[in-house]
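Participant: Sharing a model that was predicted from the sequence below.
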Amino acid sequence: MTASFNHTIIAAKEPAVSAAFFVDLLEAAEAPSWGPFTNLQLPDGVLLQFAAPPMDFPPQHYAFLLDDDHFDRAYARITAEGREHWADPQRQRPGETNTEHDGRGVYLLDPSGHYIELLTRPYL
């Protein structure tokens, strides 16, 4: 068996709020939760676990590859909700998407302040 990504824990101020944000944005499935974790599962089987750590945490970067139709739905949701978003990670192009790597991309913040990137083509 080759290595594959299985799960990650995402620090969240309010795990249920963060999980709900990702369920909507990524069209992910809720998954059974246990202990301190509120879980969801992406279509490829990757488990995202949200938990509130006992200390402050720095923002992280999470990038998600979407097909074009999903990107359109996600971007429509972002704009309908009036969420701040940018075409670039430096936040110099507000309210825009980009056309990097022969695809489209957008950056926004999740409820805990993590940097979220949605893109339609992988970098490599």
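Facilitator: Looks like it came in fine.
Participant: Mind telling me what element residue 79 is part of?
Facilitator: Using DSSP states H and E, residue 79 sits in helix 68-80.
Participant: what does that helix rub up against?
Facilitator: 24-27, 66, 85, 97, 104, 106, 108, 118-120 (Cβ atoms under 8 Å, 6 or more residues apart in numbering). (C-beta placed from N, C-alpha, C; glycine too.)
Participant: Tell me which residues of that helix come out buried.
Facilitator: 70, 71, 74, 75, 78 (16 or more other Cβ atoms under 10 Å).
Participant: Any idea how far the lowest-mean-pLDDT helix or strand in the chain is from the middle of the chain?
Facilitator: Sorted by mean pLDDT, DSSP states H and E, the helices and strands of the chain end with strand 29-30, the least confident at a mean of 94. How far strand 29-30 lies from its chain's middle: 14 Å, per Cα atoms, centre = their mean, to the nearest Å.
Participant: same thing with stretch 63-71?
Facilitator: With Cα atoms, centre = their mean, you get 11 Å for stretch 63-71.
Participant: do you know how far residue 79 is from residue 34?
Facilitator: 35 Å (Cβ to Cβ, to the nearest Å).
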